[in-house]
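**Student:** Could you work out the structure for the sequence below:
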Amino acid sequence: PRSLLLYYTMYAVMVMTGVANLWLAAAAWITSNCLETFFGICGLLWMIPPIFVVAVGRHYIFLFLARHFDTDKGQAQRDGAFIAELLCTVPVQAGQLWWLHHGR
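**Tutor:** Okay, here's the model as predicted:
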């Protein structure tokens with residue numbers, strides 16, 4: 001799937017950016033430049049998300065976030081009420097697309 005390809009590309013870019021920053025930190029340390037700490041911290045920060053995804057797994061991260069955001073059982077009812085209020089503000093005309101039953 002395209003979305004998976006996008007995420008894998010983002011993880012690869014993060015790792016490559018982190019490695020590049022670690023190389024810059026090593027070069028700055030060798031040349032006694034004062035930026036080695038900055039580049040080192042940036043390199044590690046860039047690499048934390050992909051390492052976390054590999055260590056924990058995308059499936060478990062998804063389940064954790066789903067449990068976190070789906071704890072309120074009344075949210076679906078409030079969402080439906082919100083959509084109903086939005087639809088009440090639009091005048092109903094015969095033949096409007098969202099009022100036709102498509103059988104799907």
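**Student:** Please name the residues that touch the nearest residue to residue 39 once chain neighbours are set aside.
**Tutor:** Nearest residue to residue 39, sequence neighbours excluded (Cβ to Cβ, 6 or more residues apart in numbering): residue 25, at 3.7 Å. From N, CA and C alone the C-beta is placed, and that goes for glycine too. Neighbouring residues of residue 25 by Cβ atoms under 8 Å, 6 or more residues apart in numbering: 35-40, 43.
**Student:** Could you check how far the most far-flung residue of the chain relative to its centre is from residue 83?
**Tutor:** The C-alpha centroid of the chain is most remote from residue 94, which lies 40.3 Å away (Cα atoms, centre = their mean). Remark: distance between residue 94 and residue 83 (Cβ to Cβ, to the nearest Å) = 21 Å.
**Student:** try residue 3
**Tutor:** As judged by Cβ to Cβ, residue 3 and residue 83 stand 26 Å apart.
**Student:** Between these two, which has more neighbouring residues?
**Tutor:** For residue 3 versus residue 83, neighbours defined as other Cβ atoms under 10 Å are more numerous around residue 83 (10 against 7).
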